[in-house]
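# Everything below, folded, please.
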Amino acid sequence: MLSDVRQCPRGSYLDASALFPEGVFAHVTLKGFENVDPEALRSFLRERGQVVHAVHRVDQVHSGTVVSADQSPCPADALVGSAAGEAVRVVTADCVPILLANDSGSRYAAVHAGWKGTLARIVEGAAARVAGGDMAALTAYVGPAIGPCCYAVDGERFAAFDREFPGWLPPAGSVPTLDLQSINAHMLEAAGVPRDAIHVEERCTACSLGLCCSYRRDGERAGRMASLIGRTA
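Numbers count the residues shown, from 1 in each chain. Purely as a prediction, here's the structure:
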């Protein structure tokens, strides 16, 4: 695992800040962290000594749409920020959260990549916006998501991914499965992000009963995990 589970008065979380440039913070809240609204996350960050005046969000619609933080809230699935003293966040409960920053920390992004967003290559669009022409200057954190151990799909969906990403998927077994974390990481590498700058959190949300929210496991009872990244004021 990349990130230790840490505790705070509001619940447990993963801290991926050390992977990113100085001044950039990156966190994933976990199961039991009851309130993932922007104001609650501002308080969470303040408790960590990371003062921000805004946490931006989008109305997630399982799309390939990437917007700037100053356009939020709006229907989209990735947010790109650049201001100091601000953060961007997405929420997930099996889909893949991806946090990105350039090497100066002057641009950063939070991406929600479910199967539709992954098929639409949303992480490529977000990475291009953050990179500003230099993909080699990016760092990426691929957060906890449902793994191939638990993500069985029908033949039609598997075939759609096989067409879009030829040669990337292992042969379909009797029950086809998808590894969305691996596909998104591969997309970033193929776009020019150095392999050693792509950090994948090897936690299956469906398997991690006491730690992660999972819609596939718990249905409507599942909570949501917030993945957020930003720059201190």
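
# C-alpha only now, for contacts and for neighbours.
OK.

# How confident was the prediction at Cys8?
Note on Cys8: pLDDT of 88.

# same question, Pro171
At Pro171, pLDDT is 87.

# now the residue of the chain most remote from its centre: how far from Asp154?
Distance to the chain centre peaks in the chain at Ser174, reaching 29.7 Å (criterion: C-alpha atoms, centre = their mean). From Ser174 across to Asp154, the span is 10 Å (C-alpha to C-alpha, to the nearest Å).

# do Arg107 as well
Counting by C-alpha to C-alpha, the separation of Arg107 from Asp154 is 38 Å.

# for Gly167, same thing?
19 Å.

# Can you pull out the low-pLDDT segments for this structure?
For the chain, applying pLDDT under 70 flags the ranges 1.

# Dead centre of it: give me the residue that sits there.
Pro97 (1.6 Å).

# Just grab the bridge partners of it for me.
In this entry, Pro97 is beta-bridged to His112, by DSSP bridges.

# mind checking the SS state of Gln189?
Just to correct that, residue 189 is Glu rather than Gln. helix (DSSP: H, G, I helix; E, B strand; the rest coil).

# likewise Phe161?
Quick answer, by three-state DSSP: Phe161 is helix.

# same deal with Ser182?
Ser182 - assigned by three-state DSSP - is helix.

# Next, count neighbours for it.
By other C-alpha atoms under 10 Å, the residues close to Ser182 number 16.

# Which residues are in contact with the closest residue to Ala110 other than its chain neighbours?
Leaving aside its sequence neighbours, Ala110 sits nearest to Leu99 (C-alpha to C-alpha, 6 or more residues apart in numbering; 4.7 Å). Leu99 is in contact with 26, 108-111, 140-143, 227-229, counting by C-alpha atoms under 8 Å, 6 or more residues apart in numbering.

# List the contacts of Pro199.
Just to correct that, residue 199 is His rather than Pro. Shown in contact with His199 (C-alpha under 8 Å, 6+ apart): 2, 140-142.
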